[in-house]
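>>> Below: sequence and its predicted model.
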Amino acid sequence: MSYVIVGSCVNDAVCTEVCPVDCIQPSPEARDFAHAEMLYIDPDACVGCNACAEACPVNAIYRIDQLPAQWAAYPEINAAFFRQGAKREPA
């Protein structure tokens, strides 16, 4: 089951450090990291390990099947980030 990052993300990148498959972008090393409003999880690459959700200091990461209604648009927002040409950069 994939995870999703929602609008309460503060872009502190601790989740990128614990992700075993580097599916959270942009990574701190990416050119656009400093300007990113939030981070995004690639739904095709996520292995559902829960490490990111446990590490998130602001509880901005949810399992898709446990996503509160107020964040219902965020699975598509995360997926669209990667469809629009975001490149996975190693952490």
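Done, it's in. Numbers count the residues shown, from 1 in each chain.

>>> Below-threshold pLDDT in this protein: ranges please.
86-91 (pLDDT under 70).

>>> Name the single longest helix found in it.
The longest helix of the chain (DSSP state H) is helix 74-83.

>>> what packs against that one?
strand 3-5, strand 40-41 (3 or more Cβ pairs under 8 Å, 6 or more residues apart in numbering; DSSP states H and E). C-beta here means a position set from N, CA and C on the backbone, and glycine is covered the same way.

>>> mind exporting whichever helix or strand comes after the last one as CSV, just the C-alpha atoms?
For strand 40-41, the following helix or strand on the C-terminal side (DSSP states H and E) is helix 51-55. What follows is helix 51-55, C-alpha atoms only, in CSV (Å, rounded to 0.1, in the frame of the first residue of the first chain):
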residue,chain,number,x,y,z
ALA,A,51,9.4,4.5,7.5
CYS,A,52,8.6,8.0,6.1
ALA,A,53,5.3,8.3,8.1
GLU,A,54,7.1,7.3,11.3
ALA,A,55,9.9,9.9,10.7
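
>>> Give the other helices and strands that helix 51-55 contacts.
strand 3-5, helix 14-18, strand 61-63.

>>> now the helices and strands packed on helix 74-83 in a markdown table, with mean neighbour count?
Shown next, in a markdown table, are the helices and strands packed on helix 74-83 (neighbours: other Cβ atoms under 10 Å):
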| stretch | mean neighbour count |
| --- | --- |
| strand 3-5 | 25 |
| strand 40-41 | 23 |
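
>>> Adding distance to Asp12, write these out as a markdown table.
Formatted as a markdown table, those follow (distance: least, Cβ to Cβ, whole Å):
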| stretch | distance to Asp12 |
| --- | --- |
| strand 3-5 | 12 |
| strand 40-41 | 14 |
